[in-house]
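# Need a 3D model of the sequence below.
(chains A and B)
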Amino acid sequence: MSGYSAPHCGSLRASDDGREVELYGWVARRRDMGGVVFVDLRDRWGKVQVVLKLAAMPELRLEYVVRVRGTVRRRPAGSENPKMETGEVEVVAEEIEILTRSEPPPFPIEDAEEPDEKTRLEYRYLDLRRPAMTRMLELRSKVNRIIRDFMEEREFVEVETPILTRSSPSGARDFLVPSRLHPNEFYALPQAPQMLKQLLMVSGVQRYYQIARCFRDENLRADRQPEFTQLDLEMSFCDEEDVFGLVEALFARLWKDAIGATIEMPFPRLDIKESFLRYGTDKPDLRYELEIADLGDALGDTRAEVFRRVLAAGGVVRGLAVPGGRDMSRRELDELVTVARGAGGQGLAWVPGGALDKHLASDEIDAIKHLTGAGPDDLVLIAADRRRKAETVIGLIRQEIARRRKLIREGEWRFLWINPTYLFEEDDQGHITYAHHPFTRPFEEDMSFVEERPYDVRAHAYDIVCNGYELGGGSLRIYDPRMQERVFQLLGMPLDVIRERFGTLLEAFTYGVPPHGGIAPGIDRIVMMLGGTDNIRDVIAFPKTQSMSDLMLGAPSEVDQAQLDELGIKAVATKKPAS
RNA sequence: GGUCCCGUGGUGUAGCCUGGCCAAACACGCGGCCCUGUCAAGGCCGAGAACGCCGGUUCGAAUCCGGUCGGGACCGCCA
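Alright, predicted model coming up:
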């Protein structure tokens, strides 16, 4: 059999007229006219019509795997099919051999409608046979190739870092692997090769990259899987502009070469605080306007109890004008309230037409309209809560409104940098903590007021965002030991904790560390955007469900007692952990 | 941990709000027959689900209620 070098079903064209071919593929469709049978034969490259007028007609069924020997010819005039890429030709079979048969598949391979997610994942190997999924696998492969070409052209070196490693300084829960040779000790799977890539800078690699698998044991989302892939990169002697320039050029190349799109450069930059204020998120979708306004000033001494209470407690009131929103039904508004509650908010208020009308003074209503830019036909939606919560709620409502009212300009690519960001943030207990990781380099000049206003200290950190997705984040790193010490001290990290967690890096930095920085764009999300899907499972060959199961292989699974014994592990859990 | 949506033959949907007309409809697929130019082929015939599971309400439940399992979206969490 020499099917490997055989022509592809999907590649035959009019120029192949007269060519004798041997084709290998799957029966995608069969049209039996009695005396003549048409078979659409599918391989990875597409489908071609095969004409069978044989004395001994084999029993062909959908998804049978066959070998066909025959001749390519132009279709008889009038029978061309413009819907098929190979529609100008057909293959007249002289011989057909069934290589393997197929049971009727659990769902149609050739169908516009997608089967249920659960069924797709149980039979992922068949799901991937669907042409739409095959395209995604190809796209992902292409993206990886473009990235490698781009990085290699710029003399970056791809270094593979270990999967069995040690807990890293980012904040997510680790996946642990027990060590057989070291009882009671565990490896951690990397959340990101953060410390290793910085160590590679000390090694003098200068320009490192890796298409790196990363693992985080946190809850899933439509754009989040427990294992995912990043283009991890780090460079020495760079400033922020170097990183921005490199990444913008990379994205331009990706968009151009993968889907033929031209994206605008340079990408605009947005202060993270402004992003939260105007869009209620740190990954705003700029394909629609809908800007959020702070209404606190307009409600300084309002009689409306809801707002007064929130403001007195240090919370905020944020509003959003919905263009033409006065036509919204009570039902639609109720659904928005449900969205707000689902996000943990108290609810949602609106003017005019809401319960608040009679509690707000008319000059307050005027001020609200003014601040949100609401016109006579517009409705203002309002969220009042602790700052973070109110922002989340009104940000989600902003998205929801854009979706429902079709305000999103499809086809646009609105890239931006979230930059600058800030070094510190407050944790749940009101304690100071790092916003990124403790090696993020602060703005030198801001450190003069760090004692008085720590949360205003800017950091050389940046996220790249496109159309509402965070595509990656990074920073310049601290290389000055005194600065590093200062940051640790501000974070209130005890010396022994620092030594335990970051000792290797800090010691390495005593042997001549170059100033350095980097970023890690997420490849899954890049492929999602390029592939036009909003679900990360569509760009991962074998993904997990929301509850982190592999429905095809049945993972996770119990293991033999002998395996546990060897590892010195006793399974004692009786119920699911709190998540 | 929380909010919300979904679960009907192999597949995709309808029915569920407003219980009985539903041992459940339609399309594709599947089995059989017819047809030499179709391409989502067509025509005729046929098989196939007691409606995720458990319990409750009711004279009566796919339809209402509670629980549970599974899938999904989101908040928390996670850069």
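# and stretch A:488-500, how far from the chain's centre?
Distance of stretch A:488-500 from its chain centroid, counting by C-alpha atoms, centre = their mean, to the nearest Å, is 33 Å.
# Need the residues that contact that stretch.
Outside stretch A:488-500, the residues within contact range by C-beta atoms under 8 Å, 6 or more residues apart in numbering are A:424, A:431, A:432, A:433, A:434, A:438, A:450, A:454, A:506. For every residue, glycine as well, the C-beta is placed using N, CA and C.
# repeat for stretch A:502-518
A:169, A:195, A:197-199, A:201-202, A:204, A:206, A:208, A:232-240, A:243, A:438-439, A:441, A:460, A:474-477, A:479, A:481, A:484, A:498-499.
# Separate out the buried members of these.
By neighbour count, with 16 or more other C-beta atoms under 10 Å, the contacts of stretch A:502-518 hold A:169, A:195, A:197-199, A:201-202, A:206, A:208, A:232-236, A:238, A:240, A:243, A:438-439, A:441, A:460, A:474-477, A:479, A:484, A:498 as buried.
# Mind checking which of those residues land in strands?
In strands, defined here by DSSP state E, the members of the buried ones among the contacts of stretch A:502-518 are A:208, A:232, A:233, A:234, A:235, A:236, A:474, A:475, A:476.
# Would you map the helices across the stretch 51-200 of chain A?
All helices of the stretch 51-200 of chain A, identified by DSSP state H, counting those that start in this stretch, fall at A:117-122, A:124-127, A:131-153, A:194-202.
# swap that for chain A, sorry
A:117-122, A:124-127, A:131-153, A:194-202, A:240-259, A:272-279, A:305-312, A:330-342, A:362-372, A:387-404, A:481-490, A:495-508, A:523-531, A:561-567 (DSSP state H).
# hmm, the fourth one in reach of RNA strand B?
I take that to be helix A:194-202. No. Helix A:194-202 lies out of reach of RNA strand B by C-beta under 7 Å from any atom of the strand, never closer than 9.3 Å.
# where's that helix relative to the chain centroid, distance-wise?
Computed by C-alpha atoms, centre = their mean, the chain-centroid distance of helix A:194-202 equals 25 Å.
# Which other helices and strands does it contact?
The contact analysis (3 or more C-beta pairs under 8 Å, 6 or more residues apart in numbering; DSSP states H and E) places helix A:194-202 against strand A:207-215, strand A:227-236, helix A:495-508, strand A:516-521.
# What is the end-to-end distance of stretch A:118-127?
11 Å (C-alpha to C-alpha, to the nearest Å).
# That stretch: which residues count as buried?
A:120, A:121, A:122, A:123, A:124, A:126, A:127.
# Check stretch A:51-64 too.
A:51, A:52, A:60, A:62, A:63, A:64.
# In chain A, where is pLDDT below threshold?
For chain A, the stretches flagged by pLDDT under 70 are A:1, A:169-170, A:574-579.
# So the residue nearest the centre of it versus residue A:245, what's the distance?
Nearest to the geometric centre of chain A sits residue A:525, at 3.1 Å (C-alpha atoms, centre = their mean). From residue A:525 across to residue A:245, the span is 21 Å (C-beta to C-beta, to the nearest Å).
# can you check residue A:447 too?
26 Å.
# now residue A:511
29 Å.
# So for the two, which sits in the more crowded spot?
Ranked by neighbour count (other C-beta atoms under 10 Å), residue A:511 and residue A:245 place residue A:245 first, with 14 against 7.
# Next, the contact list for the more buried one, please.
By C-beta under 8 Å, 6+ apart, residue A:245 lies in contact with residue A:266.
# And the one 3 residues further on, by the same measure?
Each residue near residue A:248 by C-beta under 8 Å, 6+ apart is listed here: A:265, A:266, A:267, A:415.
# From RNA strand B, how far off is it?
Residue A:248 sits 18 Å away from RNA strand B, going by C-beta to the nearest atom of the strand, to the nearest Å.
# Repeat that for residue A:6.
Taking C-beta to the nearest atom of the strand, one finds residue A:6 at 22 Å from RNA strand B.
# With residue A:448 instead?
Counting by C-beta to the nearest atom of the strand, the gap from residue A:448 to RNA strand B is 23 Å.
# what do you get for residue A:288?
17 Å.
# Over to residue A:548?
Taking C-beta to the nearest atom of the strand, one finds residue A:548 at 8 Å from RNA strand B.
# what comes into contact with stretch A:370-381?
A:291, A:293-295, A:297-298, A:319-328, A:336, A:348-353, A:368-369, A:394, A:397, A:401.
# for RNA strand B, what are the nearby residues on the stretch 151-300 of chain A?
A:170-173, A:191, A:216, A:218-224, A:282.
# Can I get the buried part of these as one PyMOL selection?
The PyMOL selection below is limited to those of these classed as buried (16+ other C-beta under 10 Å):
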select buried, chain A and resi 170+191+216+220+223+282
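# mind listing which of the residues of the stretch 151-300 of chain A next to RNA strand B are in strands?
Using DSSP E, none of these sit in strands.
# okay, the contacts of residue A:248 in a markdown table with neighbour count next?
Below are the contacts of residue A:248 laid out as a markdown table (neighbours: other C-beta atoms under 10 Å):
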| residue | neighbour count |
| --- | --- |
| A:265 | 12 |
| A:266 | 12 |
| A:267 | 21 |
| A:415 | 21 |
